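1. my questions are about this predicted structure, shown below with the sequence.
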Amino acid sequence: MSEVAHPLGARVLAGDVRALARLCRLVDDGVPSARQALVELFPHTGKAWTIGITGTPGAGKSTLTDKLIGGFRARGLRVAVLAIDPTSPFTGGAILGDRIRMQRHHADAEVFIRSVATRGALGGLSRSAADIIRLLDAWQAAVVLVETVGVGQDELEVTRTVDTTIVVTAPGMGDEVQAIKAGILECADVFAVNKADREGADATMRDLELMLALGDAQRRPSAAAAGADRHGHHGAQSACGAAAPPVPAGGAEADGSWRPPIVRCVATRGEGVDELLKGLDAHRAWLATPPGEARRRARLADAVRLELRSALLGRAEDRMHDAIEEAVSRVARREIDPYSAADALVARLVG
Ligand SMILES: Nc1nc2c(ncn2[C@@H]2O[C@H](COP(=O)(O)OP(=O)(O)OP(=O)(O)O)[C@@H](O)[C@H]2O)c(=O)[nH]1
Ligand SMILES: [Mg+2]
């Protein structure tokens, strides 16, 4: 394994919590030497199981995260938590709540809890989150839990950088299923219907089941197409030969794709947490199958492309700042359209 020359990086790799906290801060601030540490640490990453916890504001994500920390610690695993502070109008002050709810783990040297704030830059949040997740991974956390509020595009991006995503919802929060419908549904690997001690949990379960069944129907348009595919193709895109079961229990489908289980929980009392862990374990096992591997690779490809976009834009700004400004002026005067202007700039940059 390659050497890590960066002093803080080397300490992180050795499991030093204070070095980890300092390096997280440097990465957040975009200090150039931090990037070097990330480069050197990268070969030592990829072992952690990264789990996203997202969903409606106030659904109980932090409470559930706290219980999951407990569950993984009971297995003797080192756990890191990244709580993403959505400095959005929806949930100001979420961080304080997160801190309080997970406080009991603060004295545990095998638990590291870190918060990052939402950033406005290109790929800002998901990028810095991905960087921090890599640091936590290099620190040899076996499990990295990432809590985000599933309201914005930024948060959605974060769920695409993790291995397994839990979408948490709860009854009695308005139309909770509608609220998580846009985009988030596609990211869900496991659903948690939390606050099952409240009225309406059954209805929320049913809504989710129905929505999953509808999603299936859309992905697998006709029984005829499903029949035609029965003998052949595996992978997430192919049609499924078997009829969809009425109640989604979760697990791998006949075609190899993943069906998210729906788990009922009362996070405050720790109920349903074992079931949730079971669902997570099953998803992790699925990740090792060919369709699961394909998804992992697709996500790494996204990460590489994100870096490429940012590097190219940075290079362009460095080398052609004046030319870009000039192009903007010409577009403003309607002398040239933005499409042709961008084409011309790209041609100058890459020859
Ligand atoms: N009745 C009931 N209350 C719960 C349950 N789980 C969490 N709560 C309460 O719901 C409130 C919100 O819980 P959090 O864990 O902070 O929710 P969150 O989703 O992390 O909230 P944000 O991060 O602000 O979006 C707290 O007062 C919890 O005590 C549950 O299962 N039943
Ligand atoms: Mg929270």
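-> Received it, and whenever you're ready, just let me know what you need. Numbering: from 1, shown residues only. Ligands and ions are numbered 1, 2, ... in the order given.
2. show me the contacts for whichever residue of the stretch 201-350 of the chain sits closest to ligand 2.
-> Nearest to ligand 2 in the stretch 201-350 of the chain, going by CB to the ion, is residue 267, at a distance of 10.9 Å. C-beta: built from backbone N, CA, C; applies to glycine. Neighbour list for residue 267: 60, 63-64, 66-67, 194-195, 273 [criterion: CB atoms under 8 Å, 6 or more residues apart in numbering].
3. mind checking how far it is from residue 192?
-> From residue 267 across to residue 192, the span is 8 Å (CB to CB, to the nearest Å).
4. in stretch 55-66, which residues are buried?
-> In terms of neighbour count (16 or more other CB atoms under 10 Å), stretch 55-66 has its buried residues at 55-56, 58-66.
5. now do the shared contacts for residue 267 and residue 192.
-> With CB under 8 Å, 6+ apart, residue 267 and residue 192 have common neighbours residue 64.
6. coming back round to it: and the residue of the stretch 201-350 of the chain closest to ligand 2, its phi and psi?
-> Phi and psi for residue 267, reported as degrees, to the nearest 10, are phi -60, psi -40.
7. ok, now residue 132?
-> For residue 132, the backbone dihedrals (degrees, to the nearest 10) come out as phi -60, psi -40.
8. what strand or helix carries residue 51?
-> Assigned by DSSP states H and E, residue 51 falls within strand 49-55.
9. list the buried ones in that strand?
-> Those would be 49-55, for strand 49-55 by 16+ other CB under 10 Å.
10. for residue 334, the count of nearby residues, please.
-> Using other CB atoms under 10 Å, residue 334 has 7 other residues around it.
11. in a helix, it, correct?
-> No - going by DSSP: H, G, I helix; E, B strand; the rest coil, the assignment for residue 334 is coil, not a helix.
12. how far away is it from ligand 1?
-> 46 Å (CB to the nearest ligand atom, to the nearest Å).
13. likewise residue 140?
-> Taking CB to the nearest ligand atom, one finds residue 140 at 26 Å from ligand 1.
14. could you do residue 211 as well?
-> From residue 211 across to ligand 1, the span is 20 Å (CB to the nearest ligand atom).
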